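J.: Fold the following for me, if possible:
(one chain, ligands or ions: 1)
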Amino acid sequence: MATGLVEMMRLDGRVAVVTGGANGIGRATCRRLAEAGAAVLVADLDGEGAAREADAITGAGGRADAVAADVADPAAVAAMVAAARARLGGLDVLVNNAGIFPARPIMEMEPEDFDRVLDVNLRGLYLCTRAAARVMAAAGRGGVIVNITSIDAIHPSMPGLAHYDASKHGAWGFTKTSALELAPLGIRVNALAPGGVLTEGVRRMQPGGAGADAVAAFTAGIPLRRMGDPDEIARMVVVLASDLAAYMTGSQVVVDGGALLG
Ligand SMILES: NC(=O)c1ccc[n+]([C@@H]2O[C@H](COP(=O)([O-])OP(=O)(O)OC[C@H]3O[C@@H](n4cnc5c(N)ncnc54)[C@H](O)[C@@H]3O)[C@@H](O)[C@H]2O)c1
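T.: Okay, here's the model as predicted:
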């Protein structure tokens with residue numbers, strides 16, 4: 001008989017690295033991956049937050065460790081991947097989740113604003129993918145990469161995010177060519193495009209913050225009539241990371257409460 005669904009969802013014996021794992025979608029993803037049996041390296045610019053999250057997972061009986069890492073910094077990314085190998089024994093799943101979305105109209109956008117968004121959201125994706133793929137290829141047991149893009153990789157959600165939308169369209173393009181190049185090595189690469197999800201980052205855009213009105217207008221147009229919960233994204237990451245998605249590569253899954261229908 002074919003393997004059962006629950007067994008297929010398990011990630012026992014696998015090591016996962018989640019960038020931006022200290023908050024929001026990344027934190028929920030770390031928790032669900034650990035629940036599925038993976039050892040999780042929580043990587044974040046906020047090293048203290050990453051350590052707190054790793055402690056929460058180990059406290060709940062899982063296996064986790066933490067590193068402080070800026071995904072836009074090649075040396076930090078190399079150290080992150082080295083930590084996965086040295087402390088947890090390898091690298092089987094990479095979730096490229098770290099991302100920033102500071103709203104700024106184009107006419108007020110400085111080159112530094114544009115560069116930082118592209119550096120984190122796109123250059124970071126490339127640096128982490130390269131480092132992880134090298135480790136996965138050397139180990140010879142395949143692997144999985146999940147890139148957290150956005151519905152903004154497909155269609156704009158609000159004004160003020162031109163740099164962000166450019167980075168996310170780029171992330172989707174990068175996902176497709178990564179999938180093509182890495183398939184012969186048994187490494188699957190997919191994108192997961194969330195719609196509006198209530199996270200620390202989005203809360204910063206709400207009342208008082210830049211983009212607050214735009215977030216309110218966006219929420220009003222969601223067919224399921226609410227923002228998503230980070231865990232609703234994390235569950236889909238587990239599906240993509242597991243053997244449930246064994247025949248999927250180069251795809252982008254949208255989880256948006258119907259927002260793109262609007
Ligand atoms: N929340 C949403 O509505 C939404 C929608 C679509 C896509 N996304 C994407 O999901 C991802 C996570 O978003 P979120 O809402 O959970 O964000 P968040 O701001 O709540 O958390 C992001 C985490 O990433 C970390 N981080 C930021 N820059 C980093 C860097 N250079 N290196 C390492 N870590 C870094 C932060 O410290 C933080 O812990 C992002 O890629 C975002 O673009 C979010």
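J.: all strands of the stretch 51-200 of the chain, in order?
T.: Using DSSP state E, counting those that start in this stretch, the strands of the stretch 51-200 of the chain run over residues 63-68, 93-96, 143-148, 187-194.
J.: Can I get the second one in PDB? Just the C-alpha atoms.
T.: Extracted in PDB, the C-alpha atoms of strand 93-96 (Å, rounded to 0.1, in the frame of the first residue of the first chain):
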ATOM      1  CA  VAL A  93      14.800  22.200   3.700                       C
ATOM      2  CA  LEU A  94      15.400  26.000   3.200                       C
ATOM      3  CA  VAL A  95      12.500  28.400   3.700                       C
ATOM      4  CA  ASN A  96      13.500  31.800   2.200                       C
END
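J.: Help me see whether that strand makes contact with the ligand, please.
T.: No. Applying CB under 6 Å from any ligand atom, one finds strand 93-96 out of contact with the ligand, separated by at least 7.9 Å. Where C-beta positions appear, they are placed from N, C-alpha and C, glycine not excepted.
J.: Give me the sheet partners of that strand and which way each runs.
T.: Strands that pair with strand 93-96, judged by DSSP bridges, come out as strand 15-19 (parallel), strand 143-148 (parallel).
J.: quick one on the thing from earlier: of the strands of the stretch 51-200 of the chain, which stretch is the most buried?
T.: Highest mean neighbour count among the strands of the stretch 51-200 of the chain (mean count of other CB atoms under 10 Å): strand 93-96, with a mean of 30.
J.: got JSON lines for the strands of the stretch 51-200 of the chain, with mean pLDDT too?
T.: Shown next, in JSON lines, are those (pLDDT from 0 to 100):
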{"stretch": "strand 63-68", "mean pLDDT": "98"}
{"stretch": "strand 93-96", "mean pLDDT": "99"}
{"stretch": "strand 143-148", "mean pLDDT": "99"}
{"stretch": "strand 187-194", "mean pLDDT": "99"}
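J.: Just tell me which of those strands ends up closest to Pro105.
T.: strand 187-194 (23.3 Å; CB to CB).
J.: Flag the shaky bits of the stretch 101-250 of the chain, pLDDT-wise.
T.: Residue ranges of the stretch 101-250 of the chain with pLDDT under 70: 206-212.
J.: Now it against the ligand: closest residue?
T.: Gly201 (2.4 Å; CB to the nearest ligand atom).
J.: Give me the nearest residue to that residue, chain neighbours excluded.
T.: Excluding the flanking residues, the one nearest Gly201 by CB to CB, 6 or more residues apart in numbering is Gly24, at 5.7 Å.
J.: Equivalent analysis for Met248, please.
T.: Using CB to CB, 6+ apart, the closest residue to Met248 is Asn190 (5.7 Å).
J.: I'd like to know which residues of the stretch 151-262 of the chain are adjacent to the ligand.
T.: Pro194, Gly196, Val197, Thr199, Glu200, Gly201, Val202.
J.: What's the local residue count around the fifth one?
T.: Using other CB atoms under 10 Å, Glu200 is surrounded by 13 other residues.
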